[in-house]
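# sequence first, then the predicted structure, then my questions.
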There are 2 protein chains.
Amino acid sequence: MTNKYTIPEPSLRRLPWYLAFAKLALDRGERVLSSTHIAAGIGVEPSVVAKDLSYVNLKGRTRVGYDLQELVSYLEDYLGFKKGHRAFLFGVGNLGGALLHDRGLEQFGLDIVAGFDAKYELSGTSINHTPIHHISRFAEMQQNLHVEIGVLTVPVDKAQEMAEMMVTGGIRAIWNFTPFRIQVPETVVVQNTSIYAHLAVMYNRIEELRQK
Amino acid sequence: MTNKYTIPEPSLRRLPWYLAFAKLALDRGERVLSSTHIAAGIGVEPSVVAKDLSYVNLKGRTRVGYDLQELVSYLEDYLGFKKGHRAFLFGVGNLGGALLHDRGLEQFGLDIVAGFDAKYELSGTSINHTPIHHISRFAEMQQNLHVEIGVLTVPVDKAQEMAEMMVTGGIRAIWNFTPFRIQVPETVVVQNTSIYAHLAVMYNRIEELRQK
């Protein structure tokens, strides 16, 4: 995958950290920021910061650093947080419902235009002004809306089937919150966010530290 | 970090995938599962599966595989999803509020006993039966409750300060949902879940594929 794209995924994932850090510095009234400064604040190597930012054509000036205003606005643009990206959400259960409650997604450019669920009693309801429809309406709605992003929050035993339905309907990127590793064609973008896996790591590490 | 613990983090993070996959097979009435089978279903190398499971002392029988019932119950135990782990949530904003709406966390062993926020108007309210208190009450409540896990969902400019307050109060693991890389003593467990970083990856990849 790495070679297919201009910027490797680990680098791309670090950019929002730099953006958050740079915004704070800007809010404090600072004007320039060196990669050493960013690196120290974030806990990565300065060479990593410089390399990551070079992928997005940002170059600091020697002994001065990056112009902060430029860094912030360029990263915001590059990361796509300022544009609206329409999405459908599939599976309005615990996590799906919770995500519809999160207005933060909108602030990062994700506009969930509708939720779908197999439960008929949810059809016609809404969460935070996002309408919920029966899943059988997806194909028809998609023909008019051409939504590219699908948020996958169905139960694990429905994940693969639903992913295939999404791909058939023309969804081009799947944000998979289920612990199931869906298999889709290579041309479909998949991002796996297994929030519960992070719980397992915390439980395990606390336990191990306790035994020391 | 890797050497400090019995099982490396990437392995630990893959175990919930295996568990989800094994549970589905068990529900379909299957009795054994080979690492080749798991590997094919999940899209990783069979040797990786075997290695990961050997860390948790699970060994398959040659040419037969893992006993499914045993695999599922052992992994559930090992991952700690069956026990209740008490947690506090810091910052009842968009994402914090959404997480309190997610009953799924409970099913994975996370019991959020209270939320804290700096907004006085939130004190005394509750979300999904979880009470919200003013942040000034944390130290006092913690003295009685000795909660080990803190969920960090404050605004980015408060992340470091709040993390330090959590550590001072005896929180041993921080689940950081902010894009700020908090700096804490080495003995404190940190798990970073930057859900918005996944959005940046999706936006970028869709755009790049469009240009091909």
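Sure thing, it's come through. Just so it is clear, the structure is predicted and the values come from calculations on it, not from any experiment.

# tell me the helices and strands packed up against the longest strand seen in chain A.
Ranked by number of residues, the top strand in chain A under DSSP state E is strand A:110-117. With contacts defined as 3 or more Cβ pairs under 8 Å, 6 or more residues apart in numbering or on different chains; DSSP states H and E, strand A:110-117 has these neighbours: strand A:85-90, helix A:94-101, strand A:130-134, helix A:138-145. Heads up, the C-betas are built off the backbone N, CA and C, glycines and all.

# if you set the cut-off to 6 Å instead, what comes out?
strand A:85-90, strand A:130-134 (3 or more Cβ pairs under 6 Å, 6 or more residues apart in numbering or on different chains; DSSP states H and E).

# any residue of the helix or strand that comes right after it up close to chain B?
For strand A:110-117, the following helix or strand on the C-terminal side (DSSP states H and E) is strand A:126-127. No. Using Cβ under 6 Å from any Cβ of the partner chain, strand A:126-127 never reaches chain B; the gap is at least 9.2 Å.

# how about stretch A:92-106?
Yes. Counting by Cβ under 6 Å from any Cβ, contacts between stretch A:92-106 and chain B involve A:94-95, A:98, A:101-104.

# now list the buried members of those residues.
A:94-95, A:98, A:101-102, A:104 (16 or more other Cβ atoms under 10 Å in any protein chain shown).

# what is the neighbour count of residue A:27?
12 (other Cβ atoms under 10 Å in any protein chain shown).

# all helices for chain A, in order.
For chain A, applying DSSP state H gives helices covering A:9-27, A:35-42, A:46-55, A:68-79, A:94-101, A:104-107, A:138-145, A:159-168, A:195-210.

# could I get the helices and strands packed on strand A:110-117 as TSV with mean neighbour count?
Below are those laid out as TSV (neighbours: other Cβ atoms under 10 Å in any protein chain shown):
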stretch	mean neighbour count
strand A:85-90	23
strand A:130-134	17
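
# between these, which one is nearest to chain B?
strand A:85-90 (6.0 Å; Cβ to the nearest Cβ).

# on contacts alone, who are the packing partners of the closest one?
Using 3+ Cβ pairs under 6 Å, 6+ apart: strand A:85-90 touches strand A:110-117, strand A:149-152.

# most neighbours per residue, which of the ones you listed?
Most buried of those, by mean neighbour count (mean count of other Cβ atoms under 10 Å in any protein chain shown): strand A:149-152, with a mean of 26.

# can you give me the mean pLDDT across that one?
Mean pLDDT, strand A:149-152: 98.

# that strand pairs with which strands?
Strand pairing for strand A:149-152, using DSSP bridges, gives strand A:85-90 (parallel), strand A:173-176 (parallel).

# so where's chain A shaky on pLDDT?
A:1-3 (pLDDT under 70).

# who are the contact partners of residue A:182?
Contacts for residue A:182 (Cβ atoms under 6 Å, 6 or more residues apart in numbering or on different chains) come out as A:159-160, A:163, A:176.

# for stretch A:78-88, how far is the first residue from the last?
Stretch A:78-88 has an end-to-end distance of 23 Å (Cα to Cα, to the nearest Å).

# good, we can wrap up now.
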